[in-house]
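> A predicted structure for the sequence below; I have some questions about it.
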Amino acid sequence: MLDQRDLLLDQYQLLCQDWRREAKDVADVAAKKAYFRQHPAFIRCREILNKADYTVQSILVENMKRLDHLSIHFNPRLTVLIGENATGKTTVCESLTKAFSWILSAIKQEDFAGADIDLDEIKHGKLAGKITIDLLLDAHNHIPFSLVRSLQEGAHAIPSNFDDLRAYATVIRDILSIDSTSVTLPLFIFYGVNRPNFMRSAREIYLHRASAYDHALEDKVRVSDMIEWFIMLDNLSQQDKSSEVRDLQIFQATLQETIAGFKVKQQQADFLQNSLLSEMITELEEKIAEAQEKIDAIKARPFTTAEKLKALVNETVQILIPNASAILVDRSSGKARVVLDIFGEKHDIQYLSHGQRSVLFMVADLLSRLEILNPHLEDPRQSPGIVIIDEIELHLHPTWQQTIIDSLLKIFPNIQFIITTHSPQVISSVHKDQIRFLKNDFETHEVKVHSPTFQTRGLSSDNILLRILNIADAPDTPEFQKYQQLEKLIENNLGDSEEAQKLYQLLEKHFGAESLEMEKLQSLKRLQAMRQRILARQGQLKSANSAKKEIDKKEIDSMDKENRTKSKEQQGNKE
């Protein structure tokens with residue numbers, strides 16, 4: 001049975017009713033905040049928001065570009081969109097991004113507005129394009145809303161519907177206005193093919209929480225921004241403590257100089273002056289010791305925001321890149337360089353592969369935004385949110401393609417990822433219920449959504465190509481045709497024929513004697529020979545069994561004949 005305490009809007013309404021009834025004459029803002037903070041309904045609202053999953057359950061795209069009516073239900077943890085070009089994968093990502101822009105705006109301000117549907121995005125011949133989203137906070141609280149762009153105006157125009165979004169956003173803004181430090185917010189972000197979408201300055205880690213949403217749904221990036229960010233982060237992580245330590249060390253040095261001067265004076269002072277100077281020296285030494293205690297305490301102090309973020313980046317790097325230990329700023333040459341430490345060797349980050357840089361910067365961007373968004377969390381990687389990544393395999397080595405999704409899910413356990421890919425290596429790392437295959441239906445001329453009926457995780461890339469993507473594991477070249485021709489000859493027990501030998505020589509010259517293709521042909525030939533030997537043995541055994549049966553039959557017939565003869569003789573004797 002549904003508990004009304006689980007409904008965020010009901011709890012908020014109760015809170016507002018009690019406030020109007022019991023404290024309507026209180027004009028003091030501080031008094032209102034104090035009243036709200038101790039109210040059970042406010043506490044419950046905050047609990048619901050802090051436990052919310054923030055996952056998109058479904059999207060319906062109507063009359064957008066090539067799509068007439070495409071409905072997709074998303075896996076709460078990971079959804080991978082696959083399909084041929086022009087089946088709508090990018091349109092789905094762009095539609096989600098437009099919808100998320102309205103969510104971000106609604107969280108920030110009462111008079112909210114997001115990205116609109118462009119007129120040229122409406123399918124030709126249709127009067128309106130429509131995007132419908134169902135966002136889930138949890139099992140009891142969800143936010144359905146629709147964005148519509150109509151070619152018609154006035155009374156004939158189809159309106160958008162943001163009623164539920166407006167209601168929930170009002171609750172979130174009001175709860176934040178009362179308690180701005182302990183309510184967890186979700187991240188919504190899109191990484192396109194030009195990823196990552198990087199924060200512009202490391203100093204933004206000290207700004208307001210909503211700045212984490214800046215440029216989150218754009219697809220713009222400059223490598224120089226990211227390099228600068230790492231350097232500034234390193235500077236800030238050192239300045240946070242080093243400036244305090246440096247001031248105390250200067251203070252200590254000044255006292256040391258004073259003590260040294262007093263000791264020189266002691267050599268010429270009388271007993272009374274010497275005694276007084278000794279007391280002063282002792283007092284100064286105590287102050288030096290106190291300063292040292294403060295220095296030790298500062299060094300032992302918990303991480304500052306910059307230090308914490310730097311540590312998280314390095315911890316995450318170790319998960320992402322095998323044998324990597326940290327991202328460092330190397331100043332040994334006199335110029336600050338961002339380097340990646342792999343096996344103790346420093347590799348300039350500018351000279352890493354495009355794929356390595358892309359993944360590193362994307363993850364660093366996520367960490368930065370989550371730290372700004374939820375500074376109250378001990379580990380910002382526990383934050384909820386939705387991340388869209390278009391063509392995740394872009395510039396990645398196939399080995400990394402096989403592990404990138406598992407790494408992201410491990411690093412960000414509460415983020416819902418929606419990803420597009422063409423890579424069989426990526427698909428083979430994903431469970432079948434997390435795959436949405438967009439296919440053109442040539443009968444209805446619409447795009448339909450399917451999921452594989454068999455398990456895909458752990459399936460070989462060849463099988464993914466053939467069984468999921470319907471692509472041959474090799475291009476239809478003349479060499480591949482000859483390869484298939486030789487396979488058929490071997491399977492028909494003609495592997496030693498003159499034609500087969502000629503094909504074998506041609507293919508060996510093309511692929512190489514030690515190539516995998518030639519090894520497969522040799523294995524097929526050995527397997528076929530083994531089959532023939534087994535069949536031959538079975539044939540010999542069958543012949544032997546037939547001969548034995550024939551002998552047995554003759555023996556039985558002979559015995560029957562002998563028995564009949566004896567029976568006749570006995571009958572004759574009786575007569």
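Perfect, thanks for sending it. Numbering: from 1, shown residues only.

> in the protein, which spans are strands?
For the chain, the strands defined by DSSP state E cover 55-64, 67-73, 78-83, 128-136, 142-150, 187-191, 324-330, 337-342, 345-348, 385-389, 415-420, 435-441, 446-450.

> Need these in a markdown table (columns: distance to Ile43 and mean pLDDT).
Every C-beta, even on glycine, is put in place using the N, C-alpha and C of the backbone. Shown next, in a markdown table, are the strands of the chain (distance: least, C-beta to C-beta, whole Å; pLDDT from 0 to 100):
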| stretch | distance to Ile43 | mean pLDDT |
| --- | --- | --- |
| strand 55-64 | 24 | 95 |
| strand 67-73 | 34 | 93 |
| strand 78-83 | 33 | 95 |
| strand 128-136 | 22 | 94 |
| strand 142-150 | 22 | 93 |
| strand 187-191 | 25 | 94 |
| strand 324-330 | 41 | 86 |
| strand 337-342 | 45 | 88 |
| strand 345-348 | 50 | 88 |
| strand 385-389 | 24 | 96 |
| strand 415-420 | 27 | 97 |
| strand 435-441 | 39 | 91 |
| strand 446-450 | 41 | 89 |
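
> Of all those, which one comes closest to Asn374?
Asn374 sits nearest to strand 187-191 of all the strands of the chain, at 8.7 Å, using C-beta to C-beta.

> Look at the spatially most central residue of the chain and report its pLDDT.
Central residue of the chain (C-alpha atoms, centre = their mean): Leu408, 3.9 Å from the mean position. Predicted confidence (pLDDT) for Leu408: 96.

> Spit out the contact partners of it.
By C-beta atoms under 8 Å, 6 or more residues apart in numbering, the contact list for Leu408 reads 363, 415, 417.

> let's see it at 7 Å
Leu408 makes contact with Phe417, according to C-beta atoms under 7 Å, 6 or more residues apart in numbering.

> repeat for the one 4 residues further on
Contact analysis of Phe412 by C-beta under 7 Å, 6+ apart lists 366, 381.

> Give me the phi and psi angles of Gln267.
phi -70, psi -20 (degrees, to the nearest 10).

> Could you check how far it is from Asp163?
88 Å (C-beta to C-beta, to the nearest Å).

> out of these two, which sits in the more crowded spot?
Neighbours were counted for Gln267 and for Asp163 using other C-beta atoms under 10 Å; Asp163 has more, 11 against 7.

> Please determine how far that one is located from Gln109.
Relative to Gln109, Asp163 is positioned 17 Å away (C-beta to C-beta).

> same check, this time on Phe190
For Phe190, the distance to Gln109 - C-beta to C-beta - is 21 Å.

> Which one of these two is surrounded by more residues?
Phe190 (22 against 11).

> pretty sure the more buried one contacts Thr97?
Yes. Contact status for Phe190 versus Thr97: in contact at 4.7 Å, counting by C-beta atoms under 7 Å.

> any common contacting residues for those two?
In contact with both Phe190 and Thr97: 217, 388, using C-beta under 7 Å, 6+ apart.

> Not counting sequence-adjacent ones, nearest residue to Ser423?
Glu393 (3.8 Å; C-beta to C-beta, 6 or more residues apart in numbering).

> Next up, phi/psi of the one you found, please.
phi -80, psi 0.

> State the distance from it to Ile534.
Glu393 is 44 Å from Ile534, by C-beta to C-beta.

> Between these two, which is the more surrounded one?
Between Glu393 and Ile534, Glu393 has the larger neighbour count (other C-beta under 10 Å), namely 22 against 10.

> Run through this protein and note the low-pLDDT ranges.
1-5, 22-29, 154-156, 195-207, 219-225, 239-243, 300-304, 473, 540-575 (pLDDT under 70).

> quick check: domain ranges of it?
Domains of the chain are assigned by automatic domain parsing as 4-50, 54-186+384-450, 474-563.

> of all the ones you listed, which lies closest to Gln318?
With C-beta to C-beta, the closest approach to Gln318 among these belongs to domain 54-186+384-450: 10.4 Å.

> Can you give me the end-to-end span of the closest one?
Its first and final residues considered, domain 54-186+384-450 spans 25 Å by C-alpha to C-alpha, to the nearest Å.

> chain center to that domain, what's the gap?
Offset of domain 54-186+384-450 from its chain centre (C-alpha atoms, centre = their mean, to the nearest Å): 15 Å.

> cool, stretch 32-42 as well?
37 Å.

> list the buried ones in it?
Across stretch 32-42, burial judged by 16 or more other C-beta atoms under 10 Å covers 35-36, 39, 41-42.

> can you pull the alpha-carbon coordinates of that stretch into PDB?
The C-alpha trace of stretch 32-42 is given here as PDB (Å, rounded to 0.1, in the frame of the first residue of the first chain):
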ATOM      1  CA  LYS A  32      10.700  30.600   8.400                       C
ATOM      2  CA  LYS A  33      13.900  28.600   7.700                       C
ATOM      3  CA  ALA A  34      14.100  27.500  11.300                       C
ATOM      4  CA  TYR A  35      10.500  26.400  11.200                       C
ATOM      5  CA  PHE A  36      10.900  24.500   8.000                       C
ATOM      6  CA  ARG A  37      14.100  22.700   9.100                       C
ATOM      7  CA  GLN A  38      12.500  21.100  12.100                       C
ATOM      8  CA  HIS A  39       9.200  20.200  10.400                       C
ATOM      9  CA  PRO A  40       8.800  16.400   9.800                       C
ATOM     10  CA  ALA A  41       7.500  17.000   6.300                       C
ATOM     11  CA  PHE A  42      10.600  19.100   5.400                       C
END
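
> Sounds good, over and out.
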